[in-house]
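> need a structure here:
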Amino acid sequence: MIPTDVRNTILGAGMLALTCTVGSAESPTYSMTTDIPTQITTPDSVETSIGTLNFFDGVPDNATVSTVYDYVDRARAVQAYIATVPGVSQYAMRQGQREIGATKVNQILIWDELADSKSLFLTGNSSTIYTWTYTDLATDGPTVIELPPGMLGAVDDMWFRYVTDLGIAGPDQGKGGKYLILPPGYEGEVPDGYFVVQPATSGNWIFMRAYISEGVEKAAQGVKDNLRIYPLSMVDKPPEPEFFSMSGRAGYNAVPPNDYSYWEMLNQLVQEEPVGAKDPETRGLLRSLGMVKGQPFEPDARMKAILTDAVAIGNAFARANTVFPQDSDHRIYGPDSEWIMAFAGKDTTFLDDGARRFDSRLWMHYNAVVVTPAMAVTVPGKGSDYGIAGLAKGAEILNGAKTYKLTLPPNVPVADFWSVTVYDTQTRSMMQTDQRYPAVDSYGENVKQNADGSWDIYFAPEAPEGKEGNWIQTIPGKSWFIILRMYGPLEPWLNKTWVPGEIELVE
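Numbering: from 1, shown residues only. Alright, predicted model coming up:
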């Protein structure tokens with residue numbers, strides 16, 4: 001039985017050309033009738049994973065129309081979540097900075113006593129001095145970075161795409177120098193004497209870190225004394241930098257939300273940045289959800305419910321993709337090891353033979369920040385490289401109530417230093433325990449080597465006796481994961497002849 005309203009619609013459109021009953025054993029034939037392949041037709045009833053779909057001669061009834069629109073809107077919203085996590089992560093960091101009053105390019109965050117677990121931002125570490133700020137090229141115009149020597153950093157745009165390296169891995173090669181960031185579409189005069197880049201977005205994250213080999217205080221003071229960031233229009237009288245000391249400071253949240261407010265934050269990003277900053281396919285995906293630059297984002301109750309459901313599904317997928325990535329290129333030492341890398345195949349462009357690696361990009365931006373080739377190096381002694389472990393040996397979920405051990409074999413192959421940091425699986429930020437810095441690194445004065453030169457690192461609610469310097473505290477009832485950072489990784493790490501142990505349960 002065809003619903004009356006559907007039948008009237010068909011009649012009104014002049015579409016009811018046949019007088020026979022659809023699905024009858026015999027159909028009339030006409031002078032132009034040919035055999036029609038069944039695979040190009042639609043039966044009156046089709047069983048699918050989203051329910052039974054009903055049709056009159058290929059025309060869906062009202063219930064089917066509602067079902068498929070709900071499904072496609074939800075599917076598009078889930079894909080939109082997967083595609084836009086990089087941008088929302090970047091925007092969340094910028095918004096966190098705005099909320100503590102740092103809204104100008106010369107207002108610079110600095111963890112001058114190292115980053116600790118008070119700050120909520122994705123997988124930071126306490127072994128280098130972080131400092132960063134954001135450009136506002138739409139307001140300020142071309143912007144200058146006066147970079148001191150010896151730093152390592154990068155510029156990423158508001159969709160978290162790589163723009164340039166700064167410092168050791170950048171064109172100044174660690175000697176310091178002046179960079180000039182031009183606004184999108186800028187065609188004005190460009191002065192000499194600068195390393196010049198032109199990103200696609202007005203907002204851009206200027207991220208830098210300073211090494212602490214000569215002491216934290218000296219490194220921090222060197223940044224404060226020498227780093228300058230300001231609009232080119234003020235080059236004759238640059239404003240002094242205003243540094244926001246972030247060490248030990250609560251209230252800074254740079255972690256993206258995983259409820260409906262995700263879409264509100266994404267819309268803010270869409271409204272603030274140029275239309276051409278994102279590809280047409282992604283803009284079309286967002287348009288289908290009602291998100292268009294220059295227009296209000298006001299989903300109705302139905303669409304708001306779908307978007308809320310979609311971000312929950314997308315978030316669940318992101319967490320599954322984190323712990324059990326399907327892309328085998330995330331695995332550093334093969335399927336029997338739990339060590340994975342953030343950039344699948346060490347590809348910081350998230351491309352494989354020209355095809356976008358959606359899940360690899362999602363892995364990186366759900367859990368971490370900074371995109372630069374210098375974070376997945378293949379040249380010995382340069383930049384940094386990372387190993388991540390979120391499961392114990394044998395794919396066992398890590399339990400904060402238990403005691404585990406990680407062994408680093410002798411002769412850890414780094415030119416600079418190594419560190420191991422523990423993170424909260426919920427926030428992907430440093431684990432908040434009684435330890436200000438939930439980490440062990442080769443700088444540590446109390447870290448003890450074994451007689452053979454190896455290092456044992458323990459993870460437990462309480463330190464095993466005599467292992468206090470090699471212990472990172474965990475919390476009963478919570479899971480956790482670690483990142484092993486290798487600064488200046490050497491050949492044995494890069495060619496995998498030196499292999500860290502697995503995280504193992506201590507009985």
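> switch to C-alpha atoms for all contacts and neighbour counts from now on
Will do.
> Tell me how many other residues crowd residue 226.
13 (other CA atoms under 10 Å).
> How about the contacts made by it?
146, 147, 148 (CA atoms under 8 Å, 6 or more residues apart in numbering).
> Not counting sequence-adjacent ones, nearest residue to the last one?
Closest residue to residue 148 apart from its sequence neighbours, by CA to CA, 6 or more residues apart in numbering: residue 176 at 4.6 Å.
> pLDDT at the one you found, what is it?
On pLDDT, residue 176 comes in at 95.
> re the thing from before, mind putting the contacts of residue 226 into a markdown table with neighbour count and pLDDT?
Below are those laid out as a markdown table (neighbours: other CA atoms under 10 Å; pLDDT from 0 to 100):
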| residue | neighbour count | pLDDT |
| --- | --- | --- |
| 146 | 16 | 97 |
| 147 | 24 | 96 |
| 148 | 21 | 94 |
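> Just the closest of those to residue 347, please.
Closest approach to residue 347 among the contacts of residue 226 (CA to CA): residue 147, at 27.1 Å.
> Looks like the closest one contacts residue 225 (just checking).
No. Using CA atoms under 8 Å, residue 147 is not in contact with residue 225; the gap is 10.8 Å.
> Show me what residue 422 is bridged to.
residue 482 (DSSP bridges).
> so what's it scoring on pLDDT?
Here, the pLDDT recorded for residue 422 equals 97.
> ok, it to residue 342 distance?
Per CA to CA, to the nearest Å, residue 422 is found 16 Å from residue 342.
> Could you do residue 350 as well?
For residue 350, the distance to residue 342 - CA to CA - is 11 Å.
> Equivalent analysis for residue 447, please.
27 Å.
> Neighbour count: those two, which is higher?
For the pair residue 447 and residue 342, the greater number of neighbours falls to residue 342 (28 against 17), based on other CA under 10 Å.
> and the closest residue in space to that one that isn't next to it in sequence, what are its phi and psi?
Among residues not flanking residue 342 along the chain, residue 364 sits closest, at 5.3 Å (CA to CA, 6+ apart). Dihedral angles phi and psi of residue 364 (degrees, to the nearest 10) take the values phi -60, psi -50.
> how deep is residue 364 tucked in, by neighbour count?
By the criterion of other CA under 10 Å, residue 364 has 21 neighbours.
> And for residue 126?
That count, for residue 126 with other CA under 10 Å as the rule, works out to 23.
> With residue 177 instead?
Residue 177: 18 surrounding residues under other CA under 10 Å.
> Likewise for residue 453?
Neighbours around residue 453, by other CA under 10 Å: 13.
> Give me the nearest residue to it, chain neighbours excluded.
residue 410 (4.6 Å).
> Extract the residue ranges of the stretch 51-200 of the chain that are flagged as low pLDDT.
The model of the stretch 51-200 of the chain has no residue with pLDDT under 70.
> Tell me, domain by domain, which residues of the chain belong where.
Following automatic domain parsing, the chain resolves into domains at 4-60, 101-245, 326-505.
> possible to save these as a markdown table with distance to residue 77?
As requested, the domains of the chain are exported to a markdown table (distance: least, CA to CA, whole Å):
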| stretch | distance to residue 77 |
| --- | --- |
| domain 4-60 | 17 |
| domain 101-245 | 18 |
| domain 326-505 | 15 |
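> Pull out the buried positions in stretch 410-418.
If you call a residue buried by 16 or more other CA atoms under 10 Å, then stretch 410-418 has these buried ones: 412, 413, 414, 415, 416, 417, 418.
> Serialize those residues to JSON lines and add fields for distance to residue 475, pLDDT and secondary structure.
Below are the buried residues of stretch 410-418 laid out as JSON lines (distance: CA to CA, whole Å; pLDDT from 0 to 100; DSSP: H, G, I helix; E, B strand; the rest coil):
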{"residue": "412", "distance to residue 475": "28", "pLDDT": "96", "secondary structure": "coil"}
{"residue": "413", "distance to residue 475": "31", "pLDDT": "96", "secondary structure": "coil"}
{"residue": "414", "distance to residue 475": "31", "pLDDT": "95", "secondary structure": "strand"}
{"residue": "415", "distance to residue 475": "33", "pLDDT": "92", "secondary structure": "strand"}
{"residue": "416", "distance to residue 475": "31", "pLDDT": "88", "secondary structure": "strand"}
{"residue": "417", "distance to residue 475": "27", "pLDDT": "89", "secondary structure": "strand"}
{"residue": "418", "distance to residue 475": "24", "pLDDT": "94", "secondary structure": "strand"}
